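In: Requesting a structural model of the entry that follows:
(one chain, ligands or ions: 1)
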Amino acid sequence: MLPDADVVLEALGIPDTGALGHRGASHSPLFALAIAGLIAAGGQRFGLRPLYSGVFVFLAVVSHGVLDALTTDGRGILFLWPLSDRRFEFPWRPIPDMPCGFASLSARGLRVAAVELIYFLPLYVWVIWPRRRRRAPERPPPMPGLGHAGARAAGIVFAVMLCLAAAELWLRDTRLISAVHRPSVSRAAGPANLTKTGH
Ligand SMILES: [Zn+2]
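Out: Numbers count the residues shown, from 1 in each chain. Okay, here's the model as predicted:
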């Protein structure tokens, strides 16, 4: 959730445009890399392994921008910042945009939350499914190789996409989805649209 802390800048009076605006630099891979570097460097004091905590934090933070680029109406993401100010979004954008601030508690906001819950439900179930706890070993077990961890990460990304695609097909033409997908006004304005959303 850290990338969305960029809304604080607007509250401080900084104009909500460019790289300092919402969905700006804080959603870029470079920002994720910087945070990962900080955690990798500072986490050792708390017993974290630099490489793994760094990679884990990078994937967690960068996934925010990637998921935002999958939303229907919001701003594109500065994936190449600071090399380019171009905002990118995926051609397939199944995730409806959450309205900003208190509007997220409106009827529309709750519908969007319901759609997101359905989209990612299999993953939530997988995460909270009770597992047998193993006794803590005296020495930490050896970490799996990076290839193994990469294969696992790729599997999780594939599972997320599969959940999204299946849920989108399932929800298509339902009243719930047509209530959250309002006709896009901003999209007609071109690729660098600046619609404000809560993500
Ligand atoms: Zn965001």
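
In: Centroid-wise, who is the farthest residue in the chain?
Out: In the chain, the greatest distance from the average C-alpha position (C-alpha atoms, centre = their mean) is reached by Glu138, at 35.9 Å.

In: Quick one: residues contacting the spatially most central residue of the chain.
Out: The centroid of the chain falls nearest to His64 when counting by C-alpha atoms, centre = their mean (2.2 Å). Neighbouring residues of His64 by C-beta atoms under 8 Å, 6 or more residues apart in numbering: 1-4, 27. (Glycine included, C-beta is placed from N, CA and C.)

In: confidence score at it?
Out: Looking at His64, its pLDDT stands at 93.

In: That one - that's part of a strand, no?
Out: No. Under DSSP: H, G, I helix; E, B strand; the rest coil, His64 sits outside any strand and is assigned helix.

In: low-scoring stretches of this protein, by residue?
Out: Within the chain, the segments meeting pLDDT under 70 span 136-137, 140-144, 182-199.

In: the helices in it, which residues?
Out: Under the criterion DSSP state H, the chain contains helices at 7-11, 29-42, 50-68, 107-128, 146-171, 175-180.

In: As a markdown table, those helices with distance to Met98 would be great.
Out: Shown next, in a markdown table, are those (distance: least, C-beta to C-beta, whole Å):
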| stretch | distance to Met98 |
| --- | --- |
| helix 7-11 | 12 |
| helix 29-42 | 21 |
| helix 50-68 | 10 |
| helix 107-128 | 5 |
| helix 146-171 | 16 |
| helix 175-180 | 9 |
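
In: Could you check how far Ser106 is from Met161?
Out: 29 Å (C-beta to C-beta, to the nearest Å).

In: Does Leu164 touch Ile95 like I think?
Out: Yes. Between Leu164 and Ile95 a contact is recorded at 7.4 Å, counting by C-beta atoms under 8 Å.

In: For those two, list the residues in contact with both.
Out: 70, 119.

In: And these two? Which one has more around it.
Out: More crowded of Leu164 and Ile95, by other C-beta atoms under 10 Å: Ile95, with 23 against 18.

In: so the more buried one bridges to which residues?
Out: Note on Ile95: beta-bridge partners Thr71, judged by DSSP bridges.

In: Sweet, I'm off.
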